[in-house]
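# next one to model:
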Amino acid sequence: MKQFGIKRGGARQLAVAAGLWLATLAAPASAQFFDGSPVLRPPQIVPSAPAAPTPLSPGMSLAPPGVDAAPAPRGPMLQSLPPAANPGPGQSQTAPAVPAGQVALAVSARFGRDMPAIPGGLHWRVYASKPDQSGVFRLLKDEKGGAPVFALPPGQYIVHVGFGLANATKPVQLRAESVREVFELPAGGLRIEGRVGDVRIPQGQISFDIYQGSQFEPGNKRPLAQSVMTGDVLLLPEGTYHIASNYGDANSVVRSDIRVQTAKLTDATVTHRAAVIMLKLVNEPGGEALANTQWSVLTPGGDVIKESIGAFPRVILAEGEYRAIARNEDKTYERPFRVITGVDGQVEVLAR
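I've put the predicted structure just below:
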C-alpha cells in the first residue's frame, strides 16, 4: 500500500535557486493526493514539428521548434537553477544599442498576471518563423538571463523561454518600433523527501522519478525527471504528476500523485513501509559471517527480489515475508524471515 503525505507551510515561497525571490507570495504551498478520482492533466509539452506559429493560450506549453526531445534529466542536474542577480533599487538592465535597420525586442517572464518578473535562470531562444528546406526552424538568438533585449530585423519570429522543466513559446511580430513581450510560465516548485514512520530517510538512500499525469491513467509514460534526490527543487508546469519513490534498490517502491500549483513550492513526503536488513551466514548463532557467500532474497512464492555476494550484504526490503537463500562452498542454506516497517536488523542463516 502506498503512503503519501504533504507538508503545508504558510507563506512557503518558490525557492528554485539561491537568490530567487517571490517574497510577495503569502498563500500557503499546497498539494493534493488523488486516489482514483478524476484528475486534471498537466499542460502537455507538444513535440517539436514544423508548424505555423500560433498564439500562446493559457496553460499551453510548447517545446522549442526544431529541437528533438532530450532525455529525461537526472536529479543532480536539477538541484538548483542558475542564481541570478536581482537589480537593486535604482538599478536597471542596460539595453544594447540597436543597429540601424533593426528593432529592439525586450522579453521577460513571470509566473502569472499579478506576479513579479522572474529575475534569472531563464533560457531564451529566438527562431525564424518558418522552417527551412529541411523542415527545421533556424535558431537566430540564444541567451540566458532574466530580461534580455534582442536586436532583430523587422519581421515575424518565434520566441521560446525555458525555466527548469517549464517552458512557453509565442510568435512575435516586429515592425518599426521597439517591442516588449512578457511571457507567463504557469509553473510551481516540487521538493520531495522520504520517511519510514517518523524517521527521515538519509540523503543518497532514496531517489524519485517524476512522471506527467496520474499513475491511474493508462499507457506507458516516459519520466520527465529521473533520480531526483532529497532536497532537489524541480520547476514544473502547473498540473498533476506522479512520483515513483525508490528506497534502496530492491522492492521498496511507492507511487503517489501530486498536484503542482503555479508560483508555489510544494513539499511532498513519501512514506515507505520498509526496513534495512543485513544478512549473515554463520556456523552458529552470533558467529562470524562466512565470506564468499552468494545470496538470494525471495518472496514466499519464489520471486527473486534481490541477489548479492558477500559476508554482510545489506538490503532494503518492503514490509512482508521472505526467504533468504545462502550458497557457500557448493552447499545451500535457507531461512524464512519477516520484515517489519522501521525495524532494522540482521538475519542469520545457519550453515547446517
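# please make it C-alpha for all contacts and neighbour counts, starting now.
Noted.
# how far away is residue 349 from residue 104?
Counting by CA to CA, to the nearest Å, the separation of residue 349 from residue 104 is 75 Å.
# can you tell me the element residue 267 falls in?
According to DSSP states H and E, residue 267 maps onto strand 265-271.
# tell me the buried residues in the next helix or strand after that strand?
Helices and strands here follow DSSP H and E; after strand 265-271, the next one along the chain is strand 274-282. Neighbour counts over strand 274-282 (16 or more other CA atoms under 10 Å) mark 274-277, 279-282 as buried.
# state the mean pLDDT of strand 274-282.
What strand 274-282 shows for mean pLDDT is 97.
# partners of the helix or strand just after it, with directions?
Next in sequence after strand 274-282, counting helices and strands by DSSP H and E, comes strand 294-298. Sheet pairing for strand 294-298, assigned by DSSP bridges, gives strand 304-309 (antiparallel), strand 320-328 (antiparallel).
# a markdown table please, covering those strands and showing mean neighbour count.
What follows is the strands paired with strand 294-298, written out as a markdown table (neighbours: other CA atoms under 10 Å):
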| stretch | mean neighbour count |
| --- | --- |
| strand 304-309 | 15 |
| strand 320-328 | 19 |
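# put together TSV for those, with distance to residue 150 on each row.
Listed next are those as TSV, based on distance: least, CA to CA, whole Å:
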stretch	distance to residue 150
strand 304-309	56
strand 320-328	61
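# residue ranges of each domain in the protein, please.
Domains of the chain are assigned by automatic domain parsing as 3-34+187-271, 60-65+100-185, 275-350.
# what's the span of the last one from first residue to last?
Its start and end residues considered, domain 275-350 measures 22 Å (CA to CA).
# distance from that domain to the middle of the chain?
Distance of domain 275-350 from the chain centroid (CA atoms, centre = their mean, to the nearest Å) equals 34 Å.
# okay, the most centrally placed residue in the chain and residue 324: tell me how far apart.
Centroid-nearest residue in the chain: residue 225, 4.4 Å away (criterion: CA atoms, centre = their mean). Taking CA to CA as the measure, residue 225 falls 34 Å from residue 324.
# over to residue 231?
Noted for residue 231: a distance of 34 Å to residue 324, by CA to CA.
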